[in-house]
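A.B. asks: Predicted model, plus sequence, below.
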Amino acid sequence: MSKKTLIYVSNNIISSGSLIEKLDSADINNELTLENLQSGQISKRYQDKAMTNYLKDIVNFKPKVKFSRQTIIKPLEPGVITPIYPNFEFFSEEDKELLLLRASLNRTEPLSSKTLIQTINSMINPGETQLDEEQVFGLMNKKYSYSKDYTKSFINGNIFEPTYTEPNDSEKPDGQKFIQKLDQNSYQKTHTFFSRIVNIISEIIDINLLFIIPSVASEDVQTSKSLIVSDIIENRTTMGLVLSIPGFHEISLYKKAQIPLSTIFYDNILQLDYKNNTISGYIGYEITKKIIIEIGLNSSNHLFVNHITEKDEIAFEPLDRRQALKIVELKGPDGKNHTYLLGIYGNLYEDDDNHNDLVGRLESWDISKESKAKVFWCNNYHHKLSS
């Protein structure tokens, strides 16, 4: 949650007389007044407590809930709900009154985390396809030659045969000794595994799937990207998980618990609609679309497009300049096949080494039916090739 979103939520959810009534009488003092709530002049402690009481009314779960703002790199204590911030601000939608929360509601004790499959199945709506462990094992073995023990280790929340940085006697500026953590090889192995299993799981349950693996790996390493996304299809719902791994960070998890550094905690991502006071284990269309735009994905079967008619203008999309676009082959206005660059919203650009001029818009593309597409051409390009 960005700071802007937090202020918005605080002023529109927390700042109400009804929430003051939900707080303990011991909390009502000179600071906790309706005037201070409405003006945003309220301490973080009271904001968190008011959000906790608000969530208790709309979240259906057994363990006690506690709202707490925490950095995304730190594994959550049991039964905590927290915003996803600050590195994933595009998940917050102030105007749509939607935002994503991370929740550790699948565990009641520090080490009582569900497996990857159990966590996903717990979020799937009744009557929909559930994940079968043996099916996942078989597909990972068939496609990537992973042994059952290898796949099972990650699914159960343990990095397979982890390796660590070697402790040394060097001192940090604050006087603390070097803290052991997982090395780059363990991170790359973990990232590769989840980059492969994400599509297998997505295809089985017919849901878009994303994983967030907060990391401290260097930015110049390709596998240091924290966001892993399956092939996205526009008309499917989306499910997300945060994969917290203590050994990737020089931090302590719990003061009283000794947790192996190679442990993987699977935390659910929940979508909060704070206009309608509802919470869901699925990420809706609006935020799914925003994720696709942010990371520059083109879906394989559908495109996010604004419907147009022959009289509409086709505008250049600035986001298309931020990424490498797919190349598609289409029949141009002259009846001949040409290659074009395909933009996020379906814009078509000339595939050349010069300016990649905008030439048209692809509105629908169904690769399951002989790759048929509906194309609108820019007038100047149509005249250029037709003349």
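C.D. replies: Thanks, I have it. Remember, predicted model here, so these are calculated numbers, not experimental data.
A.B. asks: what about stretch 377-387, average pLDDT?
C.D. replies: Mean pLDDT, computed over stretch 377-387, is 83.
A.B. asks: swap in stretch 122-138?
C.D. replies: Stretch 122-138 shows a mean pLDDT of 91.
A.B. asks: Ser202 contacts Asn208, correct?
C.D. replies: Yes: contact between Ser202 and Asn208 holds when scored by Cβ atoms under 8 Å: they sit 6.3 Å apart. Using the backbone N, CA and C atoms, a C-beta is placed for each residue, glycine as well.
A.B. asks: which residues are in contact with both of those two?
C.D. replies: Ser230, Asp231 (Cβ atoms under 8 Å, 6 or more residues apart in numbering).
A.B. asks: Which of these two has more residues huddled nearby?
C.D. replies: Asn208 (25 against 21; other Cβ atoms under 10 Å).
A.B. asks: can you pull the contacts of that one?
C.D. replies: By Cβ under 8 Å, 6+ apart, the contact list for Asn208 reads Ser202, Val229, Ser230, Asp231, Ile232, Ile233, Arg236, Thr237, Thr238, Met239, Ile283, Thr288.
A.B. asks: Phi and psi next, for it.
C.D. replies: The phi/psi pair for Asn208 (degrees, to the nearest 10) reads phi -60, psi 140.
A.B. asks: Over to Phe67?
C.D. replies: Per degrees, to the nearest 10, the backbone of Phe67 is at phi -90, psi 130.
A.B. asks: That one: what's it in contact with?
C.D. replies: Asp48, Lys49, Met51, Thr52, Tyr54, Leu55, Val80, Ile81, Thr82.
A.B. asks: Quickly list the domain ranges of this protein.
C.D. replies: Here the domain parsing of the chain from automatic domain parsing is 1-54, 116-295, 318-386.
A.B. asks: By mean pLDDT, show me the worst of the ones you listed.
C.D. replies: With a mean of 56, domain 1-54 has the lowest mean pLDDT of these.
A.B. asks: which SS state does Ile204 fall under?
C.D. replies: Following DSSP: H, G, I helix; E, B strand; the rest coil, we place Ile204 in the helix state.
A.B. asks: So it versus Glu134, what's the distance?
C.D. replies: 12 Å (Cβ to Cβ, to the nearest Å).
A.B. asks: Looking at the two, which has the bigger crowd around it?
C.D. replies: Between Ile204 and Glu134, counted using other Cβ under 10 Å, Ile204 has the larger neighbour count: 17 against 8.
A.B. asks: Could you check how far the more buried one is from Thr151?
C.D. replies: Look at Ile204 and Thr151: by Cβ to Cβ, they are 14 Å apart.
A.B. asks: overlap in contacts of the two?
C.D. replies: The contact sets of Ile204 and Thr151 overlap at Val136 (Cβ under 8 Å, 6+ apart).
A.B. asks: and the helix or strand hosting Leu341, which residues are buried?
C.D. replies: Assigned by DSSP states H and E, Leu341 belongs to strand 337-342. By 16 or more other Cβ atoms under 10 Å, the buried positions in strand 337-342 come out as His338, Tyr340, Leu341, Leu342.
A.B. asks: now, among these, which is nearest to Gly332?
C.D. replies: Of all these, the one sitting nearest Gly332 is His338; the distance, using Cβ to Cβ, is 4.5 Å.
A.B. asks: mind listing the helices for the stretch 251-387 of the chain?
C.D. replies: Secondary structure of the stretch 251-387 of the chain (DSSP state H, counting those that start in this stretch): helices at 285-295, 379-386.
A.B. asks: typo on my end, it should be the stretch 101-250 of the chain
C.D. replies: 116-123, 133-144, 148-155, 184-205.
A.B. asks: can you list these in CSV and add distance to Gln271?
C.D. replies: Output for these, formatted as CSV (distance: least, Cβ to Cβ, whole Å):
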stretch, distance to Gln271
helix 116-123, 11
helix 133-144, 25
helix 148-155, 25
helix 184-205, 17
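A.B. asks: among those, which is nearest Phe265?
C.D. replies: In terms of Cβ to Cβ, the element of these nearest to Phe265 is helix 116-123, at 9.6 Å.
A.B. asks: Now do that closest one: which elements does it pack against?
C.D. replies: Judged by 3 or more Cβ pairs under 8 Å, 6 or more residues apart in numbering; DSSP states H and E, helix 116-123 is in contact with helix 148-155, strand 238-244, strand 265-273.
A.B. asks: quick check: angle from the strand holding Leu341 to helix 379-386?
C.D. replies: Counting by axes from the mean of the first three to the mean of the last three Cα atoms, to 10 degrees, strand 337-342 lies at 160 degrees to helix 379-386.
A.B. asks: Give me the sheet partners of strand 337-342 and which way each runs.
C.D. replies: strand 326-331 (antiparallel), strand 347-350 (antiparallel) (DSSP bridges).
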